[in-house]
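Engineer: I would like to see how this sequence folds:
(2 chains)
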Amino acid sequence: SQTIHQWPATLVQPVGSPLSLECTVEGTSNPNLYWYRQAAGRGLQLLFYSVGIGQISSEVPQNLSASRPQDRQFILSSKKLLLSDSGFYLCAWSVLGDGYTEAFFGQGTRLTVV
Amino acid sequence: AQTVTQSQPEMSVQEAETVTLSCTYDTSESNYYLFWYKQPPSRQMILVIRQEAYKQQNATENRFSVNFQKAAKSFSLKISDSQLGDTAMYFCAFTPYNNNDMRFGAGTRLTVKP
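Structural biologist: Residues are numbered from 1 along each chain as shown, chains lettered A, B, ... in the order given. You can find the predicted model right below:
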């Protein structure tokens, strides 16, 4: 069965420090991968999605970046965090197919920038 | 780009009663998928129900059903016999068929009262 791992679960980082959140998927190949951010009490904002190794689409220009070094690995990074980067980050994967598609989510990372 | 709108930030319902959550979307695509996801206090995203746009029949899953109006670009969720465990944030989501871009609405916070 497919599983998705996202870590760390919580993170407190000072302003200006770097960030690296990692997400890995097991039990499937060539998934679509997504990074979302959820601000407190708000909806899900799509940050990046990837359809394959090295292929990243960015939705929101900001100081965050994403990389996909392996088929089932998706990394969210920042060189210098801002206070506004605080939020709940969710990684998700999906495989599109006729009659079957949905996104499966990781447990999320609560990031607090102080 | 596709947009998803949920106009009800918060709703409440008495236990055992019925509630309907609204969702509208904007797209030029003709084939796509629509979803309702539930996010309980644990923040784990859970798929509630899925609808393929090419199917005229409304999807149902036990106490959950949708009213899909393609021409109106409307996709509402009806929860019958509401239970305390239904208390959660509910997100409407859209993804074009054979595309890789899943968009979410801002969410509706549903509280089921005993």
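Engineer: what residue lies at the spatial centre of the chain?
Structural biologist: No chain was given, so I picked chain A. residue A:35 (2.9 Å; CA atoms, centre = their mean).
Engineer: The intended chain is chain B.
Structural biologist: By CA atoms, centre = their mean, the most central residue of chain B is residue B:36, 3.2 Å off.
Engineer: wait, is that one part of a helix?
Structural biologist: No: the assignment for residue B:36, made by DSSP: H, G, I helix; E, B strand; the rest coil, is strand rather than a helix.
Engineer: Stretch A:47-56 and chain B in contact?
Structural biologist: Yes: Stretch A:47-56 reaches chain B (CB under 8 Å from any CB of the partner chain) through A:49, A:51. In short, each C-beta sits where N, CA and C put it, glycine included.
Engineer: Tell me the span between the first and last residue of that stretch.
Structural biologist: Taking CA to CA, to the nearest Å, stretch A:47-56 runs 10 Å from one end to the other.
Engineer: do the same with stretch A:15-35
Structural biologist: End to end - CA to CA - stretch A:15-35 spans 21 Å.
Engineer: Equivalent analysis for stretch B:86-105, please.
Structural biologist: End to end - CA to CA - stretch B:86-105 spans 19 Å.
Engineer: where in chain B is pLDDT low?
Structural biologist: B:99-100 (pLDDT under 70).
Engineer: one step back: so who does the residue nearest to the centre of chain B touch?
Structural biologist: Residue B:36 sits next to B:21, B:23, B:47-49, B:64, B:66, B:75, B:77, B:90-93 when contact means CB atoms under 8 Å, 6 or more residues apart in numbering or on different chains.
Engineer: try it again with 10 Å
Structural biologist: B:21, B:23, B:46-51, B:59, B:61, B:64, B:66, B:75-77, B:79, B:90-93, B:105, B:108 (CB atoms under 10 Å, 6 or more residues apart in numbering or on different chains).
Engineer: And for residue A:33?
Structural biologist: By CB under 10 Å, 6+ apart, the neighbours of residue A:33 are A:4, A:23-25, A:48-52, A:55-56, A:66, A:68, A:71-75, A:91-94, A:103, B:100.
Engineer: got the residue ranges for the strands in chain A?
Structural biologist: A:3-7, A:10-13, A:19-26, A:32-38, A:44-52, A:55-58, A:64-70, A:73-78, A:87-94, A:103-105, A:109-113 (DSSP state E).
Engineer: coming back round to it: out of the contacts of residue B:36, which are buried?
Structural biologist: For the contacts of residue B:36, a burial check counting by 16 or more other CB atoms under 10 Å in any protein chain shown picks out B:21, B:23, B:48-51, B:59, B:64, B:66, B:75-77, B:79, B:90-93, B:105, B:108.
Engineer: Among these, which are located in strands?
Structural biologist: Using DSSP E, the buried ones among the contacts of residue B:36 in strands are B:21, B:48-51, B:64, B:66, B:75-77, B:79, B:90-93, B:108.
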